[in-house]
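Have a look at this prediction, sequence included:
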Amino acid sequence: MKSYIHKLVVFTTAFLVIYIMLAHYGLPFTALFAMCIAGQALTIYMVYKILTDDYKTDKTFKDWYEDEPVETLED
């Protein structure tokens, strides 16, 4: 994923967390409704951009995690 995608994920997550916080503090309904629609649109856009990203890798599921080797059952 490109850095744009990472920024989009962080922005969408922050937007939705702020939305939840403002809903708790009693923001007027019209503002909450508008933020709800914007949050849904951001989420759909984020998922679309992630799924259509031109990201290539040579890793497979057999590579597992690079930071921790897979231990075999024979050990």
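Looks like it arrived, so ask away. Numbering: from 1, shown residues only.

Surely residue 49 touches residue 5?
Yes. Between residue 49 and residue 5 there is a contact at 6.0 Å, judged by Cβ atoms under 8 Å. Glycine gets a C-beta too; all of them are placed from N, C-alpha and C.

ok, the residue nearest the centre of the chain - contacts?
Closest residue to the average C-alpha location of the chain: residue 9 at 4.1 Å, with Cα atoms, centre = their mean. Going by Cβ atoms under 8 Å, 6 or more residues apart in numbering, residue 9 touches 46, 50.

For residue 56, see how far away it is.
19 Å (Cβ to Cβ, to the nearest Å).

do the same with residue 30
Using Cβ to Cβ, residue 30 is found at 45 Å from residue 56.

go on, residue 13?
To residue 56, residue 13 is 26 Å away according to Cβ to Cβ.

ok, now residue 31?
From residue 31 to residue 56 the distance is 42 Å (Cβ to Cβ).

Over to residue 16?
Residue 16 is 30 Å from residue 56, by Cβ to Cβ.

So which residues of the chain form helices?
For the chain, the helices defined by DSSP state H cover 3-24, 29-51.
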